[in-house]
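>>> what's the 3D shape of this:
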Amino acid sequence: MKTSRTMTMALLIAALMLAFPALGNLYVYPAKGQTPAQQQQDEGACDAWATQQTGFNPAQPPAAVPPAPPPAAPVGGLVRGGARGATVGAIGGAIGGDAGKGAAIGAATGALLGGIRRRDQIREQEYEQQQRVQQQQAQTQALQQNWQKAYTTCLTGRGYSVS
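Predicted structure coming up:
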């Protein structure tokens, strides 16, 4: 269980790193001789305009998907599986002449199957969490790309070369 939480957190951190590439990878050149002060003012105005146009602010990205709560024991887990198995085993054992032995074998088998169900449910919940993280990552990346496109368009319109 602890390993799955660690894995989920590592996946979440990796997703955030991929979703928010540094904006420093944009190169802005004052193609019309703008001063550094004018460039700083234009970049600030274009940042605000891109945020207003897209509804996305790279300085305040959306919150990360919280990890799923620990899974509850599934219905039909160890105890219920063991009880059902004991009942079936006792009936089968009675037919074969040893109801106690049949009940013990049935209880062990039922508990094993209940444990397998529980493990499968935990794996399914972990998979669903990974899917939520990946979906959020894709949505955030698309928003960030739209913002960067708007920002670049604004700066280009103000006479800068952006790459």
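
>>> what about residue 123, neighbour count?
Residues contacting residue 123 under the criterion other Cβ atoms under 10 Å number 12. Placement of C-beta: from N, CA and C, glycine included.

>>> again, but for residue 60
A count of neighbours around residue 60, defined by other Cβ under 10 Å, yields 8.

>>> Use 492 as the first number from now on
With 492 as the first residue, the last one maps to residue 551.

>>> For residue 651, list each beta-bridge partner.
residue 521 (DSSP bridges).

>>> avg pLDDT for stretch 606-615?
For stretch 606-615, the per-residue pLDDT values average out at 83.

>>> In it, which residues are buried?
Buried residues in stretch 606-615, counting neighbours by 16 or more other Cβ atoms under 10 Å, are found at 608, 609, 612, 613.

>>> Helices of this structure, start to end?
With helices called from DSSP state H, the chain shows them at 493-510, 527-545, 569-587, 590-648.

>>> Residue 537 contacts residue 642, doesn't it?
Yes: in this structure, residue 537 is within contact of residue 642 by Cβ atoms under 8 Å, at 5.3 Å.

>>> Tell me how far the closest residue to residue 518 other than its chain neighbours lies from residue 542.
Counting by Cβ to Cβ, 6 or more residues apart in numbering, residue 518 lies nearest to residue 654, which is 5.2 Å off, once chain neighbours are set aside. Summarising the geometry, the distance separating residue 654 from residue 542, computed by Cβ to Cβ, to the nearest Å, is 21 Å.

>>> can you check residue 626 too?
The gap separating residue 626 from residue 542 is 23 Å, by Cβ to Cβ.
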